[in-house]
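> coords please:
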Amino acid sequence: MQQVSTRKRIWGWWFFDWASQPYHTLLVTFVFGPFFAAVATDHFIAQGLAGETAKAEAQTIWSLCLTVTGLMIGLGAPFMGALADISGRRRPWILAFSAMYVLGAAGLWFTDPGGSNLWWMLVSFGLGFIGAEFALIFVNAQLPSLAGRDDVGDVSGSGYAFGYLGGVLSLFIMLLLFVEQASGKTLIGLSPLFGLDPAAREGTRAVGPFTALWFALFMVPYFLWVREGRATGQRGTLGQAVALVVQSVKNLRHRVSLASYLGSSMLYRDALNGLYGFGGVYAKLVLGWQITLIGVFGIVAALAATVFCWLGGKADRRFGPKPVITVSILVLSLVCLTIVSMSRTQIYGIPLPEGSRLPDAVFFACGVLIGGFGGILQSASRSLMVRHTDPLKATESFGLYGLSGRATAFLAPALIGLATTVTGSARLGITPVIALFAAGLFLLFWVNGEGDQG
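Here you go, the predicted structure:
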């Protein structure tokens, strides 16, 4: 078989980020998430709920979906990783989860704008989301084989930057050619492409099939250029996988840095996922933005993430990942505080004139910081995990990393759902995210920035 150069392998690995990012950009945050919130809100209002109560209920069921999928991902990740390490094969797993991604995303086309199939659409979304997250764990486990210790942060940051650029382009295409405004036209005044019916919201619903097609097309370079090492010839059993994971967890008592890092990242990544999962929903329910404006907001945030991730990779290479993570958490905590302290009528308790556009401008600025420092946080976190990873157990290690990122993935959505229900406010429902960032920053104190590959 013809050898693939290291440069091509890295580019192939980056193409996974390019291919998979639209699930997060288009479906979780900027198009389908807000669309689902609007459909659910109208559905609950039609059932007799008051406006604010209907909005809170819509945010609650969205949080329930993210909670359940997060639990499934977190509990399954380390065991699947261990099975892959036993056999030495990751590609079959990536293929299977890629199929889940495509099927789940494509199924969102069938969303009823009247809200008759809300729960089925959450199932479809969840199927694709689980596929995307599981595939990411196996792809992340390939990072230690692509670059040395000093370069891994740069490679990780450039990968995230390339992925966010793909997210920007996909969002541009959806806004300009598909997503209809109240007028029935797209952002540039065109009818939705391919004769899609704006009255049935077919332009917006096309985000599902579009995301599925994008992923299938751009995964081709990944499968062509990213090669696996030689298989071990062993066929692992679930019992063996469980034993390996249990032993790995037991070993954490001897690895204070790794244990602290997994705990820290568990909390701050959960907080970040909460921001991503509810940012667009917040813009729709609290600020009353239309989907197209949320999409423009997404483009700004993703462009910021592209530039920031590239710069963050350079900072990681110079200063190491731990200082980069610390600064990112502090900035994102300030952003969260600003978001929960703002509404259409006031900011930090200061009254605003009726019709003021200041909240929109402030939230756009927050979007730049969320996209930029959120991307840096993910990239540097992946880099710091490599410094704690045994290359011979990479998938198992990143399975534990996936577990730490998803074992409490129910926590942010559940706390947001609880806070939203108790306060009756979609705005105040974001408050728990601040506490999660603070707890993650506290545990980071015991993490060795140079890593621990014991």
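> Every contact and neighbour count from this point should use C-alpha atoms.
OK.
> Name all residues that make contact with Thr111.
By C-alpha atoms under 8 Å, 6 or more residues apart in numbering, Thr111 lies in contact with 117-118, 121, 205.
> Any quick ChimeraX command for the buried ones out of those residues?
Buried subset of the contacts of Thr111, written as a ChimeraX selection, criterion 16 or more other C-alpha atoms under 10 Å:
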select :118,121,205
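> ok, of the contacts of Thr111, which one's closest to Thr292?
Thr292 has its nearest neighbour among these in Arg205, at 13.4 Å by C-alpha to C-alpha.
> Nearest spatial neighbour of the closest one, chain-adjacent residues omitted?
The shortest distance from Arg205 to any residue other than its chain neighbours is 4.9 Å, reached at Trp109 (C-alpha to C-alpha, 6 or more residues apart in numbering).
> do the same with Gly349
Among residues not flanking Gly349 along the chain, Ser341 sits closest, at 7.2 Å (C-alpha to C-alpha, 6+ apart).
> Surely the one you found touches Pro351?
No - with contacts counted by C-alpha atoms under 8 Å, Ser341 stays clear of Pro351, the gap being 11.5 Å.
> If you count surrounding residues, which of these two has more?
The neighbour comparison of Ser341 against Pro351 (other C-alpha atoms under 10 Å) goes to Ser341, with 16 against 11.
> What residues does that one make contact with?
Ser341 is in contact with 347-349, counting by C-alpha under 8 Å, 6+ apart.
> For the stretch 301-450 of the chain, which segments count as strands?
Taking DSSP state E, counting those that start in this stretch to define them, one finds strands in the stretch 301-450 of the chain at 346-347, 350-351.
> Any buried residues in the longest helix anywhere in the chain, and which?
Scanning the chain for the helix with the most residues, using DSSP state H, yields helix 51-87. Residues 52-67, 69-87 are the ones in helix 51-87 that count as buried (16+ other C-alpha under 10 Å).
> Grab the nearest non-local neighbour of Ile329.
Spatial nearest neighbour of Ile329, chain neighbours left out: Phe437 (6.4 Å); criterion: C-alpha to C-alpha, 6+ apart.
> Can you report how many residues lie near that neighbour?
So Phe437, with other C-alpha under 10 Å, has 24 neighbours.
> which ones are touching it?
Phe437 makes contacts with 267-268, 271, 329, 333, as judged by C-alpha under 8 Å, 6+ apart.
> As a markdown table, these with neighbour count, distance to Leu196 and pLDDT would be great.
Below are the contacts of Phe437 laid out as a markdown table (neighbours: other C-alpha atoms under 10 Å; distance: C-alpha to C-alpha, whole Å; pLDDT from 0 to 100):
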| residue | neighbour count | distance to Leu196 | pLDDT |
| --- | --- | --- | --- |
| Leu267 | 29 | 42 | 89 |
| Tyr268 | 29 | 41 | 90 |
| Ala271 | 30 | 37 | 87 |
| Ile329 | 24 | 42 | 95 |
| Ser333 | 21 | 41 | 92 |
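> of those, closest to Gly195?
Ala271 (40.3 Å).
> Distance of that closest one relative to Gly189?
Separation of Ala271 from Gly189 (C-alpha to C-alpha, to the nearest Å) stands at 37 Å.
> Excluding its own residues, what touches stretch 16-27? List them.
For stretch 16-27, using C-alpha under 8 Å, 6+ apart, the contacting residues are 31-33, 105, 129, 132, 139, 159-160, 162-168, 170-171, 207-208, 211, 214-219, 222, 298, 302.
> So which of those residues are in helices?
Using DSSP H, 32-33, 105, 129, 132, 139, 159-160, 162-168, 170-171, 207-208, 211, 214-218, 222, 298, 302 are the members of those that sit in helices.
> now Leu187, what's its secondary structure?
At Leu187, secondary structure determined by DSSP: H, G, I helix; E, B strand; the rest coil is coil.
> Let me see the contact set for it.
Shown in contact with Leu187 (C-alpha under 8 Å, 6+ apart): 175-177, 179-181, 292.
> In this structure Tyr282 contacts Arg427, no?
Yes - with contact defined as C-alpha under 8 Å, Tyr282 and Arg427 form a contacting pair (6.7 Å).
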